[in-house]
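Asker: Coordinates for the following, if possible.
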Amino acid sequence: MPTSTPGSVDSVARSVTQSTDPGAWRPTWVEVDLGAIAANVAALKAQAAAPRLMAVVKADGYGHGMVPAARAALAGGADWLAVALVEEGQTLRAAGVDAPVLVLTEPPPGAAGALLDARLTPTVYSPEFTAALDREARDRGGARVGVHLKLDTGMRRVGVPPAQWEDALRRVGAAEGLHLEGLWSHFAVADEPDHPFIAHQAREFRRGLALAASLGLRPEFAHLCNSAGTLHLHDEHHDMVRPGLAVYGLEPAPGLAGATRLRPALTWRSQLSFVKRVAAGEAVSYGLRWTAPRETTIGSVPAGYADGVTRALSDRGQVLLRGRRVPIAGTVCMDQFLVDAGELPVAAGDEVVLIGAQGDAAVTADDWAAWLGTINYEVVCGIGKRVPRRYLGP
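Answerer: The predicted structure is shown next:
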């Protein structure tokens with residue numbers, strides 16, 4: 001009987017429990033290639049100037065499934081994981097994932113106990129949460145809790161504002177229950193390689209590190225680079241890089257991966273559920289907004305805006321059928337949409353690819369983003385929970 005090393009990509013793939021049998025009732029599902037996730041992490045780490053990599057698995061692993069994605073990322077060489085919510089970290093721990101997990105955003109002060117119960121590493125930036133966490137840590141006794149202090153270097157979302165950096169560093173340094181394990185920030189425009197604000201933020205972060213050192217604080221981990229920074233800002237990699245989107249094989253901007261080979265891990269498949277001929281001049285779907293310009297074949301696909309096929313794709317998006325792109329015809333419904341198959345010889349049961357490849361043709365998350373005026377992040381994160389994920393090995 002073949003065996004696999006514990007923690008290997010093969011063992012990870014075979015240990016994942018499929019949430020539903022795709023095609024058993026509704027033939028619409030997502031396939032996630034865990035081997036691609038592991039290979040992407042390995043490729044990102046190999047090209048990085050930093051010795052460590054933190055894989056971001058928040059938002060249900062960018063729509064790929066958080067727990068399987070986390071295991072695959074660790075199998076590919078990730079040293080840390082990152083989530084946005086305490087609840088996400090709790091889910092990882094309940095699934096038996098023991099790797100270090102950073103919570104990227106402060107929760108309310110009342111969540112300090114739950115965070116420590118789950119052995120999660122907190123990000124801190126506000127006096128209120130820092131004080132609550134310190135009290136909780138001191139009440140429990142034992143070793144000091146490692147925290148990662150987030151500095152706002154210019155994105156102006158969350159993090160300690162520059163005028164308050166010294167106070168925040170002194171506050172963490174003086175906390176009896178805490179120690180400064182990490183110092184970090186986040187690029188705002190790393191996906192625009194020529195933007196001058198990149199250099200500004202990099203200088204600011206180095207200033208923050210120097211300020212910490214002047215106060216006698218030398219965190220073990222300094223990290224600044226997201227996926228875009230991981231791919232092209234090697235001088236700013238510090239102790240650890242923190243990719244998210246690239247872990248799943250998607251580029252933060254076209255061409256940014258350069259020579260680093262990334263493999264998209266997600267394919268969204270369905271099948272035609274019904275096929276009919278319509279005459280020239282007949283209108284279809286809600287609002288009767290699409291009219292057949294000629295006699296044609298219309299196919300129904302059992303996925304809709306409740307699944308992430310947003311209504312904005314009506315008369316705009318395309319899918320793959322018989323190895324060719326065909327357009328979405330008419331208004332996308334909650335549970336179904338229609339395609340204009342023209343004169344293709346199609347039948348109920350034929351495969352439809354919403355995102356992915358079929359033969360030599362492909363429709364990508366970037367295509368969706370272009371049609372929708374958004375970013376590929378939102379596309380994959382928007383695939384609904386009722387679309388089952390099927391996990392494939394390498």
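Asker: shaky segments in the stretch 251-394 of the chain?
Answerer: 394 (pLDDT under 70).
Asker: Which parts of it are helices?
Answerer: 365-372, 376-381 (DSSP state H, counting those that start in this stretch).
Asker: Quick one, which of those gets closest to residue 213.
Answerer: helix 376-381 (34.6 Å; CB to CB). C-betas here are computed from N, CA, C, even on glycine.
Asker: Any idea how many residues pack against the residue lying closest to residue 50 once chain neighbours are set aside?
Answerer: Nearest residue to residue 50, sequence neighbours excluded (CB to CB, 6 or more residues apart in numbering): residue 237, at 3.8 Å. Residues near residue 237, counting by other CB atoms under 10 Å, number 21.
Asker: And residue 237, how close does it get to residue 58?
Answerer: 21 Å (CB to CB, to the nearest Å).
Asker: Against which helices or strands is the helix or strand hosting residue 165 packed?
Answerer: Counting by DSSP states H and E, the element that carries residue 165 is helix 165-174. Contacts defined by 3 or more CB pairs under 8 Å, 6 or more residues apart in numbering; DSSP states H and E place helix 165-174 against helix 127-140, strand 145-150, strand 178-184, helix 196-214.
Asker: which residues touch the second one?
Answerer: Outside of strand 145-150, the residues that reach it under the criterion CB atoms under 8 Å, 6 or more residues apart in numbering are 102, 116, 121-125, 130, 133, 137, 158-160, 168-169, 172, 177-186, 219, 221.
Asker: Buried subset of these, written for ChimeraX?
Answerer: A single ChimeraX command selects the buried members of those (16 or more other CB atoms under 10 Å):
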select :102,116,121,122,123,124,125,130,133,137,159,160,168,169,172,177,178,179,180,181,182,183,184,185,186,219,221
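Asker: can you tell me which residues contact residue 168?
Answerer: Counted by CB under 8 Å, 6+ apart, residue 168 has contacts 125, 127, 130, 149, 160.
Asker: Nearest to residue 353 among those?
Answerer: Of the contacts of residue 168, the one sitting nearest to residue 353 (CB to CB) turns out to be residue 125, at 43.0 Å.
Asker: Cross-check the contact I'm expecting between that closest one and residue 161.
Answerer: No - the pair residue 125 / residue 161 is not scored as a contact, 9.1 Å apart, by CB atoms under 8 Å.
Asker: which neighbours do those two share?
Answerer: Common contact partners of residue 125 and residue 161 (CB under 8 Å, 6+ apart): residue 152.
Asker: Strands of the stretch 1-150 of the chain, residue ranges please.
Answerer: With DSSP state E, counting those that start in this stretch, the ranges of strands along the stretch 1-150 of the chain come out as 28-33, 52-56, 80-83, 101-103, 121-124, 145-150.
Asker: nearest to residue 311, of the ones you listed?
Answerer: So among the strands of the stretch 1-150 of the chain, strand 28-33 is nearest, using CB to CB, at 17.0 Å.
Asker: The closest one - contacts with which helices or strands?
Answerer: Going by 3+ CB pairs under 8 Å, 6+ apart, strand 28-33 lies up against strand 266-271, strand 389-392.
Asker: got CSV for these, with distance to residue 281 and mean neighbour count too?
Answerer: Shown next, in CSV, are the helices and strands packed on strand 28-33 (distance: least, CB to CB, whole Å; neighbours: other CB atoms under 10 Å):
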stretch, distance to residue 281, mean neighbour count
strand 266-271, 28, 22
strand 389-392, 41, 20
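Asker: want to throw these into a markdown table with distance to residue 208?
Answerer: Output for the helices and strands packed on strand 28-33, formatted as a markdown table (distance: least, CB to CB, whole Å):
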| stretch | distance to residue 208 |
| --- | --- |
| strand 266-271 | 36 |
| strand 389-392 | 39 |
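Asker: Which of the ones you listed sits closest to residue 245?
Answerer: strand 266-271 (11.6 Å).
Asker: Quick one: the helices of the stretch 251-394 of the chain as CSV, columns for mean neighbour count and distance to residue 78 too.
Answerer: Listed next are these as CSV, based on neighbours: other CB atoms under 10 Å; distance: least, CB to CB, whole Å:
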stretch, mean neighbour count, distance to residue 78
helix 365-372, 19, 22
helix 376-381, 22, 19
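Asker: mind giving me the domain ranges of the chain?
Answerer: Domain assignment for the chain, taken from automatic domain parsing, gives 34-248, 266-363.
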